[in-house]
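Participant: sequence below, structure please.
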Amino acid sequence: MPADRLISLVIAAMVCVIAVLSGGGHALFDAVLWVVLALALIWFGDELGEYTGLMRGSLVTAQSPGSLVRFFGWLFLIGPLLYALYLLFSGASSSGAPSFE
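Facilitator: Numbering: from 1, shown residues only. Predicted coordinates for the structure are as follows:
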């Protein structure tokens, strides 16, 4: 397994564990949906970037660079964790803490 896939899988598992600890089963469901999207973008960035055709009523006429698709996958995967760390260390109240609910 390539290193980027292994690292993204470890981070995805951490996100799911944090979701269970912070909000239970419903939060886990939401986190899994988010993580599956991020992992698909990371693991299959080249294939998804090559897609052209009809998407949600719009015509996609040019391919996207696979590295850009993977970048957005990493952003989706790590972004919520970075935001949670920011709130934790900025002294935000517990009511303002992010959750996956």
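
Participant: so which elements touch the host helix or strand of L21?
Facilitator: Assessed by DSSP states H and E, L21 sits inside helix 3-43. Judged by 3 or more CB pairs under 8 Å, 6 or more residues apart in numbering; DSSP states H and E, helix 3-43 is in contact with helix 66-89. Bear in mind the C-beta positions are built from the backbone N, C-alpha and C, glycine included.

Participant: identify the residues contacting the helix it packs on?
Facilitator: Defining contact as CB atoms under 8 Å, 6 or more residues apart in numbering, one finds that helix 66-89 is touched by 4, 8, 11-12, 14-15, 18, 34-35, 37-43, 45-50, 96-98.

Participant: can you say which of those are buried?
Facilitator: 8, 11-12, 15, 18, 34-35, 38-39, 41-43, 45, 48-49, 98 (16 or more other CB atoms under 10 Å).

Participant: just give the number of residues close to Y51.
Facilitator: Using other CB atoms under 10 Å, Y51 is surrounded by 11 other residues.

Participant: quick check: the residue lying closest to it once chain neighbours are set aside vs E50, distance?
Facilitator: With CB to CB, 6 or more residues apart in numbering as the criterion, Y51 has its nearest non-adjacent residue at 6.6 Å, and that residue is V60. Separation of V60 from E50 (CB to CB, to the nearest Å) stands at 10 Å.
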